[in-house]
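[1] Model the structure of this input:
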Amino acid sequence: MPLIGSFIPRIATPLLGTALLACAAPTSAPVPLVPTELARAVCAPRSYWPTHEWRQLPATTIGIDTAELSLADAFVRDSMPNVYALLVVQYGYVVAEHYWHGASAETPFELRSATKSITSTVVGQAIDEHIIRGVDQRLSDFFPEYFKDQDPNSWKWRIQLKHLMTMTSGIQWGEGDGIALPEGIPETTFIALPMAGKPGREFNYNSGGVHLLSIALSRASGKSLRVMANESVFEPIGFEVAPENWEEDPHGNNYGGYGLKLTAREMARFGFLFLNDGCWDGKRILSPGWVERATGPEEDTPWGKGTYGYLWWRTTFDGHPAYFAGGWGGQHIIIVPSLDLVVVTAAVPEATSITTDPMRLVRRFVVPAAEEAQGE
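    Okay, the predicted model is just below:
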């Protein structure tokens, strides 16, 4: 792969932020400085930003284990016919990019439930823009035509947006039933289901609840989820999603829980935005603290995939804390901050066997290779 530009690893800036704020404060009234808050306020520099194009760097330049990456390629060819893409970004550069079975850098992949992490991010942007009040806002505010006939003392009245984002709404749901709305079904369909428990108590994966978030955002803003995502998230980092690349229900609402299509490089840009705490090219795109907040809550799950935040999964790789957007069949946008690493996988959504899960590639080959770059 060609070497474009110079290699400059990510630079931590809490001390820089402290110095800048200290200089700005009057000498007669020193301002107490909290490092974590300053780190959120100051965007860390990079040698370049992939707004227009990712730059590639030979893996050997940064010390990544190329043998491990070669083994990953061979393993897919021999044992994982369902995997279509693997893209690895470390220190801001593409160090590995593989496509199989006719896919390419221009192929848009259906993210399935990895779409949910984008929906979560748009919720954060809507809060920042005062379109909605916060994750504690009640669902009843957005669906008055349904709640006007409901008991205000019922569990359903207690559902807040954060309950939909943490899969703890208490609404009775079986994920295998699907969420595609047929013609003539009202937007309130997923609210009208019976309650199985008190909101906030128990994790139950519910894509229907996430679609309610999409409808709520559209009602509050007057824009579709796709338009909101383009304006507040995607366009600032260099791309735009066309209407045909995000499925809609019969009412014109983009599905909040699935249906978005992105290329592997676009997926990596979104992951890189989170790796950089919501900053892009010196500008703050996501509000300070949102990345930590969205990926930080630890809701226990029964699925064996890790804990759950605001529509983000949490896990560890060889002791390194990580979080990821995950979709059925092997669609992943993985962020490992301690390794300055973003990994993207795409696969045939219908694949269900654990032996074909692309996460095996990441654990077995990619993370060990990335650890070599840090001398581990």
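
[2] Identify the residues contacting residue 325.
    111, 114, 116-118, 270-271, 311-313, 331-333 (Cβ atoms under 8 Å, 6 or more residues apart in numbering). Heads up, the C-betas are built off the backbone N, CA and C, glycines and all.

[3] Kindly recompute the last result at 10 Å.
    111-118, 120-121, 267, 270-271, 274, 295, 311-313, 331-335, 344 (Cβ atoms under 10 Å, 6 or more residues apart in numbering).

[4] Report pLDDT for it.
    We have a pLDDT of 98 for residue 325.

[5] pLDDT weak spots in the stretch 251-376 of the chain?
    297, 302-305, 351-355 (pLDDT under 70).

[6] Show the residue spans covered by the strands in it.
    For the stretch 251-376 of the chain, the strands defined by DSSP state E, counting those that start in this stretch occupy 261-262, 279-280, 283-284, 307-308, 313-317, 320-327, 331-336, 341-347.

[7] who wins for proximity to residue 221 among those strands?
    strand 283-284 (20.7 Å; Cβ to Cβ).

[8] where do the helices sit along the stretch 1-150 of the chain?
    Secondary structure of the stretch 1-150 of the chain by DSSP state H, counting those that start in this stretch: the helices cover 14-24, 35-41, 66-79, 115-128, 144-147.

[9] Disregarding flanking residues, what is the spatial nearest neighbour of the residue nearest the centre of the chain?
    Among the residues of the chain, the one closest to the centroid is residue 117, at 3.8 Å (Cα atoms, centre = their mean). Of all residues not flanking residue 117 in the chain, residue 325 sits nearest, at 3.5 Å (Cβ to Cβ, 6 or more residues apart in numbering).

[10] separation between the one you found and residue 91?
    21 Å (Cβ to Cβ, to the nearest Å).

[11] out of the strands of the stretch 251-376 of the chain, nearest to residue 67?
    Comparing the strands of the stretch 251-376 of the chain by Cβ to Cβ, strand 341-347 comes nearest, at 17.5 Å.

[12] buried ones in the closest one?
    Using 16 or more other Cβ atoms under 10 Å as the test for burial, strand 341-347 gives 341-347.

[13] Which elements pack onto that strand?
    strand 83-90, strand 93-99, strand 109-110, helix 264-275, strand 320-327, strand 331-336, helix 359-361, helix 367-373 (3 or more Cβ pairs under 10 Å, 6 or more residues apart in numbering; DSSP states H and E).

[14] Can you lay out these as TSV showing distance to residue 287?
    Output for these, formatted as TSV (distance: least, Cβ to Cβ, whole Å):
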stretch	distance to residue 287
strand 83-90	24
strand 93-99	27
strand 109-110	28
helix 264-275	13
strand 320-327	18
strand 331-336	18
helix 359-361	30
helix 367-373	29
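
[15] which residues make contact with stretch 63-74 from outside it?
    So stretch 63-74 is contacted by 57-60, 80, 83, 86, 88, 90-91, 95-96, 98, 100, 339, 341, 358, 360-362, 364-375 (Cβ under 10 Å, 6+ apart).

[16] Just the buried ones among these, please.
    57, 59, 80, 83, 86, 88, 90-91, 95-96, 98, 100, 339, 341, 358, 360-362, 365-374.

[17] which residues does the closest residue to residue 133 other than its chain neighbours contact?
    Nearest residue to residue 133, sequence neighbours excluded (Cβ to Cβ, 6+ apart): residue 127, at 7.4 Å. By Cβ under 10 Å, 6+ apart, the contact set of residue 127 is 133-135, 137, 161, 287, 290.

[18] Also residue 155?
    Residue 155 neighbours (Cβ under 10 Å, 6+ apart): 169-171, 195-201.
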